[in-house]
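S.K.: what follows is a predicted protein model with its sequence.
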Amino acid sequence: MEQKPSFVWLWRESLVVSAVATYGVCEGTAIVVLWVLAAMNGVFSPETAGAAAALVLVWGTWYFVMVGWILILVVSLLVAWVRYVVAVRRYRRWTLREKPSRA
């Protein structure tokens with residue numbers, strides 16, 4: 001028989017995935033914002049590439065620390081809740097199949 005699903009276990013699993021995805025979103029946002037600012041100011045050149053990369057990492061990490069934890073919490077709770085609902089429905093269907101029918 002299948003084990004009953006645990007919301008806490010599903011949430012912990014979703015927390016790691018959400019943290020990685022949120023960091024990617026924050027770094028991507030930093031890249032887009034700095035790219036737009038550089039394009040507006042006309043500062044694209046090979047000499048500024050290293051400074052731009054460092055700025056993206058610093059700004060993206062700062063954004064992740066300041067805003068990312070909220071996104072991680074919201075996204076991980078939402079994903080865990082959806083996975084929990086699906087797992088409970090699957091568990092109920094599984095236990096109904098194993099019960100003997102009353103004839």
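M.R.: Nice, I can see it. Quick caveat: nothing in here was measured; it's all calculated off a predicted structure.
S.K.: C-alpha from now on. contacts and neighbour counts both.
M.R.: Will do.
S.K.: in the host helix or strand of residue 9, what counts as buried?
M.R.: If you go by DSSP states H and E, residue 9 is part of helix 7-41. Under the neighbour-count criterion of 16 or more other C-alpha atoms under 10 Å, helix 7-41 has 7, 10-11, 14-15, 18-19, 22-23, 25-27, 29-31, 34-35 buried.
S.K.: okay, now the unreliable bits of the chain?
M.R.: Along the chain, segments meeting pLDDT under 70 span 1-2, 43-46, 48-49, 95-103.
S.K.: who's in contact with the residue minimising distance to the centre of it?
M.R.: Centroid-nearest residue in the chain, with C-alpha atoms, centre = their mean: residue 18, separated by 2.3 Å. By C-alpha atoms under 8 Å, 6 or more residues apart in numbering, the contact list for residue 18 reads 72, 75-76.
S.K.: from residue 65, how far out is it?
M.R.: The gap separating residue 18 from residue 65 is 14 Å, by C-alpha to C-alpha, to the nearest Å.
S.K.: ok, residue 39 next?
M.R.: For residue 39 relative to residue 65 (C-alpha to C-alpha), the value is 27 Å.
S.K.: hang on, the earlier thing: common neighbours of residue 18 and residue 65, please.
M.R.: If you check residue 18 and residue 65 against C-alpha under 8 Å, 6+ apart, no residue is contacted by both.
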